[in-house]
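Student: Build me a model from this:
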Amino acid sequence: MFITKDEIKTHLYDYQIDQITDDDDTIVASAIDTAVAEVKSYLANRYDVATIFAQTGTDRSALIVEHVKVCAVYHLLLLCNVDAIYERYEKAYDRTIEFLKKVADGLLSPDLPYLQTDTGTPVGTIQLKSNPKFTHSF
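Tutor: The predicted structure follows:
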């Protein structure tokens, strides 16, 4: 698992997690798996998600870990809102999705390994454009 239940404690207290899930760790695991899948879906076109999500401990990207946590907490809070400010987490989730959309569109470039072809060259999209034709009329 990319993140653990213990790591979510930076966003929700133990008692909140236990009350939301009724002490069922499979619900937490499901929320984490959903969050990982969601983040992967935004990164998959540009970045090597197999490498990114195979890393453990301090080798993981702190930025991606944080966004996975936010998504996981949001998915837990959809089940039940126990003593947590739902609007705060909803805004954090919306910011995470906006960030991931910008990464997917190439507007932001986090320090993550890019997808590579079999030959080891990075996979990317290159766009060649020009300005509209300019003509003078005298």
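
Student: measure the residue lying closest to residue 122 once chain neighbours are set aside to residue 96 for me?
Tutor: Distances taken as Cβ to Cβ, 6 or more residues apart in numbering put residue 114 closest to residue 122, at 4.3 Å, once the chain neighbours are dropped. (C-beta placed from N, C-alpha, C; glycine too.) Distance of residue 114 to residue 96, given as Cβ to Cβ, to the nearest Å: 21 Å.

Student: Give me the more crowded residue out of these two.
Tutor: Legend: neighbour count by other Cβ atoms under 10 Å for residue 114 and residue 96, higher for residue 96 (21 against 13).

Student: Assign a three-state SS to the more buried one, would you?
Tutor: Here residue 96 is recorded as helix under DSSP: H, G, I helix; E, B strand; the rest coil.

Student: Going by residue numbers, what spans are helices in this protein?
Tutor: Counting by DSSP state H, the chain has helices at residues 14-21, 25-43, 49-54, 62-79, 86-105.

Student: Can you give me the buried ones in the second one?
Tutor: Yep, that's helix 25-43 we're talking about. By 16 or more other Cβ atoms under 10 Å, the buried positions in helix 25-43 come out as 27-28, 30-32, 34-36, 38-40, 42-43.

Student: remind me which residues of the protein are low pLDDT?
Tutor: Across the chain, the ranges flagged by pLDDT under 70 are 83-84, 124-128, 138.

Student: Could you pull up the contacting residues of the spatially most central residue of the chain?
Tutor: Centroid-nearest residue in the chain, with Cα atoms, centre = their mean: residue 39, separated by 3.2 Å. Shown in contact with residue 39 (Cβ atoms under 8 Å, 6 or more residues apart in numbering): 64, 67, 68, 71, 100.

Student: was I right about the last one contacting residue 45?
Tutor: No. With contact defined as Cβ atoms under 8 Å, residue 100 does not reach residue 45; the gap is 11.4 Å.

Student: who has more neighbours, these two?
Tutor: Neighbours per residue (other Cβ under 10 Å) separate residue 100 from residue 45, with residue 100 holding more: 21 against 15.

Student: ok, that one to residue 87 distance?
Tutor: Counting by Cβ to Cβ, the separation of residue 100 from residue 87 is 20 Å.

Student: Check residue 2 too.
Tutor: If you go by Cβ to Cβ, the gap between residue 2 and residue 87 works out to 27 Å.
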